[in-house]
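Engineer: here you go, sequence then predicted model.
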Amino acid sequence: MTHHNPCDSGWSARLNLRFEPREVSGATRTVLTERDHFGPLRILKPLYPEGDAICHAVIVHPPGGIVAGDSLAVKVRVGSGAHALATTPGAQKWYRSTGASASTITRLHVADDALLEWMPQETMVFDGACAKQTLEITLAPAARFFGWEMLCLGRTTRGERFATGEFRQSVRLLRADGGAPLWRESMFLIGNDPLLGSPLGFRGLPVAATAWIVLPDDESGVATTGVLAAVRAELGDAPLAAASSPEAGLIVVKAMGGAPEAVRNLLIGVWKKIRLQIFATDAILPRIWST
């Protein structure tokens, strides 16, 4: 019998999640109505640390890291009236490549009157990794969304830098009714890329993050101004963080730093500041982060 070694060609894995509202004893409960998986991608049982209205989902990749040849796909759909918060228990690690590339594709769909908070821990790209990461977020006109993506180049605790390999990233925020994307950005880095040390690029820092806040179209005027002011107040005098509103109803936060913890805490502070205003509930950190 021939045994397959996953290192030869990598793992292929997918995870499809769907959240919908259900009436339970006269109250709305967000439930996980679809949990389809193939390969090493899982979700812990639905958690309700804030009550029935908000379902917390912890996405787990049991191997603990992504190696050459791996291909992972995650799709999350949030139906009208549902509120989901998705996170991960730790950093997504991209290991040194043996030659083949690895990829992840994440697609998020948020319906009208639905709410999604997408808060994974950082993407950590080891020196020598060959990786491609795609994030596509499709929002209905009356959807509410907060999400972030944090990138850490090298293992900072070991003083590692991204000296070899390559990393590609594509991010798109779209409206479900078509039209031009709300936000689109692409990144292509190679080991020791001049951009990593440039004052117009990473400034020699290993961590870069982006967060997005999206309001319903019918609240995109005065509400955006108020939320943007609150975000900027929270960022305070942080020298390498800024917020802007490139489109009505969209606020983008950019931050950089020398360690993932500092950048993560900055974005958590922004989330805490705006959560009551955007999602009508106080901020409660996912319990998995403290385990």
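Structural biologist: Looks like it arrived, so ask away. Numbers count the residues shown, from 1 in each chain.
Engineer: residue 110 reaches residue 143, doesn't it?
Structural biologist: Yes. In this structure residue 110 lies within contact range of residue 143 using Cβ atoms under 8 Å: 4.0 Å. Just so you know, the C-beta spots here come from the backbone N, C-alpha and C atoms, and that holds for glycine as well.
Engineer: mind checking which of these two has more residues around it?
Structural biologist: residue 110 (28 against 25; other Cβ atoms under 10 Å).
Engineer: so the more buried one bridges to which residues?
Structural biologist: Residues in a beta bridge with residue 110, per DSSP bridges, are residue 78, residue 139.
Engineer: repeat that for residue 213.
Structural biologist: residue 146, residue 251.
Engineer: burial check on it, number of neighbours?
Structural biologist: Using other Cβ under 10 Å: residue 213 sits among 26 other residues.
Engineer: measure it to residue 255 for me?
Structural biologist: 14 Å (Cβ to Cβ, to the nearest Å).
Engineer: got it, and residue 108?
Structural biologist: 21 Å.
Engineer: so what touches the longest helix seen in the chain?
Structural biologist: In the chain, with assignment by DSSP state H, the single longest helix is helix 260-279. Under the contact criterion Cβ atoms under 8 Å, 6 or more residues apart in numbering, helix 260-279 has outside partners 83, 91, 115, 117, 119, 121-122, 124, 144, 146, 148, 150, 152, 156, 207-209, 211, 213, 215, 226-227, 230-231, 233-235, 238, 241, 243, 253, 255-257, 281-283, 285.
Engineer: pull out the buried residues from it.
Structural biologist: Residues of helix 260-279 classed as buried by neighbour count (16 or more other Cβ atoms under 10 Å): 260, 263-264, 266-271, 273-275, 278-279.
Engineer: what secondary structure does residue 232 sit in?
Structural biologist: Here residue 232 takes the helix state, with states given by DSSP: H, G, I helix; E, B strand; the rest coil.
Engineer: ditto for the one 5 residues further on
Structural biologist: Secondary structure state of residue 237, per three-state DSSP, is coil.
Engineer: does residue 256 touch residue 206 like I think?
Structural biologist: No. Applying Cβ under 8 Å, one finds residue 256 not in contact with residue 206, separated by 9.0 Å.
Engineer: for those two, indicate the residue with more neighbours.
Structural biologist: Neighbour totals were compared for residue 256 and residue 206, and residue 206 leads with 24 against 21 (other Cβ under 10 Å).
Engineer: count of residues packed around the residue lying closest to that one once chain neighbours are set aside?
Structural biologist: Nearest residue to residue 206, sequence neighbours excluded (Cβ to Cβ, 6 or more residues apart in numbering): residue 153, at 4.7 Å. Residue 153: 26 surrounding residues under other Cβ under 10 Å.
Engineer: just grab the bridge partners of residue 153 for me.
Structural biologist: Residues in beta-bridge contact with residue 153 (DSSP bridges): residue 125.
Engineer: for it, give its distance to residue 205.
Structural biologist: Taken as Cβ to Cβ, the span from residue 153 to residue 205 is 9 Å.
Engineer: please name the nearest non-neighbouring residue to residue 160.
Structural biologist: residue 154 (3.9 Å).
Engineer: how close does the one you found sit to residue 240?
Structural biologist: With Cβ to Cβ as the criterion, residue 154 and residue 240 are 18 Å apart.
Engineer: look at the two and report which has more neighbours.
Structural biologist: Ranked by neighbour count (other Cβ under 10 Å), residue 154 and residue 240 place residue 154 first, with 20 against 17.
Engineer: what's the end-to-end length of stretch 250-267?
Structural biologist: 16 Å (Cα to Cα, to the nearest Å).
Engineer: repeat that for stretch 276-288.
Structural biologist: Start-to-end, stretch 276-288 (Cα to Cα) is 21 Å.
Engineer: chain center to that stretch, what's the gap?
Structural biologist: 16 Å (Cα atoms, centre = their mean, to the nearest Å).
Engineer: please apply the same query to stretch 181-192.
Structural biologist: Distance, centroid of stretch 181-192 to centroid of chain: 15 Å (Cα atoms, centre = their mean).
Engineer: need the contact partners of that stretch.
Structural biologist: Residues outside stretch 181-192 that contact it (Cβ under 8 Å, 6+ apart) are 127-128, 139, 153, 162-175, 195-196, 210, 212, 214, 246-247, 249-250, 252.
Engineer: please list all residues in contact with residue 112.
Structural biologist: Residues counted as contacts of residue 112 (Cβ under 8 Å, 6+ apart) are 80, 140, 141, 142, 143.
Engineer: which stretches of the stretch 101-250 of the chain form strands?
Structural biologist: Listed in chain order, the strands of the stretch 101-250 of the chain (DSSP state E, counting those that start in this stretch) span 102-110, 115-119, 123-125, 130-139, 144-153, 166-175, 183-190, 207-214, 241-247, 250-257.
Engineer: all good on my end, thank you.
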